[in-house]
Every structure is written in C-alpha cells, then in structure tokens.
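Enquirer: here are the coordinates; sequence isn't available:
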C-alpha cells in the first residue's frame, strides 16, 4: 500500500488527488489529507509545514518519497501514467522537473494562509 500525504485545503492539490483517486486501482493507495490528520506525517518524522509544502508518499518498504519522486511513485501505479513516470525519471528531465516543482511549491506555500499558519506555529 502506498500512502499519499497531501494538502487537502489547496484547491489545485485536491483537484489533482481527486483525479488520481478516480483512476487509481483499488487497494493500492491510502490517501491522507494532512489538513484533516495533521499529525500523520509527524509519525514519519516530517513536520506539517514540510508536508504542506511538498507532496509526500510512503511506499511498500516504508520509504518516504518527496516532491517529484512522490509523483513518480504515484504515476507508476496509474494506468496510462507509467510513460510520464519513466520520462520524468530520466536524469536531466528529473532535475528540471524538480527545479520547477520546488519553485512552484514554494510560491504556492507562501501564498496560502493555512501553510503560513503551520509554519508560524512550528517556529514558536
């Protein structure tokens, strides 16, 4: 079972996860909205603000995948998405995709109130 930790208060994130849920095979994923279960990532040693900033997924071997690597893990399990996972996994493409994703993730995190609140609460 792959556990996907996502930001359920982010409109874009929720829309994307909803799509994945619709096309995902049964029994492969456990979808965890960390805005509903904020301590779920703490058990994995990941803070709420970090979880809100970047997508996290835990594979069958209990390994946490972050950001683009989490997407690749998900895509490998989805019919018609394996090719995208393979292409994005290629070294140069992976590096470019990570750069773009991290820039976007930081921009999104900095503009969402619930993300800023989580960061402020953790800095206390």
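Expert: Here it is on my side, so go on. Nothing here was measured: the structure is a model prediction, and the numbers come from that model. Numbers count the residues shown, from 1 in each chain.
Enquirer: any idea where the strands of the protein begin and end?
Expert: Using DSSP state E, the strands of the chain run over 2-6, 29-33, 56-58, 64-66.
Enquirer: for residue 98, which of these is the nearest?
Expert: Closest to residue 98 of the strands of the chain is strand 64-66 (CB to CB; 9.9 Å). All C-beta spots, glycine's among them, are computed from the backbone N, C-alpha and C.
Enquirer: residue contacts, the residue lying closest to residue 6 once chain neighbours are set aside?
Expert: Leaving aside its sequence neighbours, residue 6 sits nearest to residue 17 (CB to CB, 6 or more residues apart in numbering; 5.0 Å). Residue 17 sits next to 4, 6, 8, 31 when contact means CB atoms under 8 Å, 6 or more residues apart in numbering.
Enquirer: how about residue 71, what does it touch?
Expert: 55, 85, 88, 101.
Enquirer: got JSON lines for these, with distance to residue 41 too?
Expert: Formatted as JSON lines, these follow (distance: CB to CB, whole Å):
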{"residue": "55", "distance to residue 41": "11"}
{"residue": "85", "distance to residue 41": "23"}
{"residue": "88", "distance to residue 41": "23"}
{"residue": "101", "distance to residue 41": "18"}
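Enquirer: and of those, the nearest to residue 64?
Expert: Closest approach to residue 64 among the contacts of residue 71 (CB to CB): residue 55, at 10.8 Å.
Enquirer: for residue 112, see how far away that closest one is.
Expert: 14 Å (CB to CB, to the nearest Å).
Enquirer: what of residue 68?
Expert: Taking CB to CB, one finds residue 68 at 20 Å from residue 112.
Enquirer: what's near enough to touch the closest residue in space to residue 72 that isn't next to it in sequence?
Expert: Nearest-residue entry for residue 72: residue 85, 4.8 Å, with adjacent residues in sequence omitted and distances by CB to CB, 6+ apart. Counting by CB under 8 Å, 6+ apart, residue 85 makes contact with 71-72, 75-76.
Enquirer: cool, and residue 60?
Expert: Residue 60 touches 1-2, counting by CB under 8 Å, 6+ apart.
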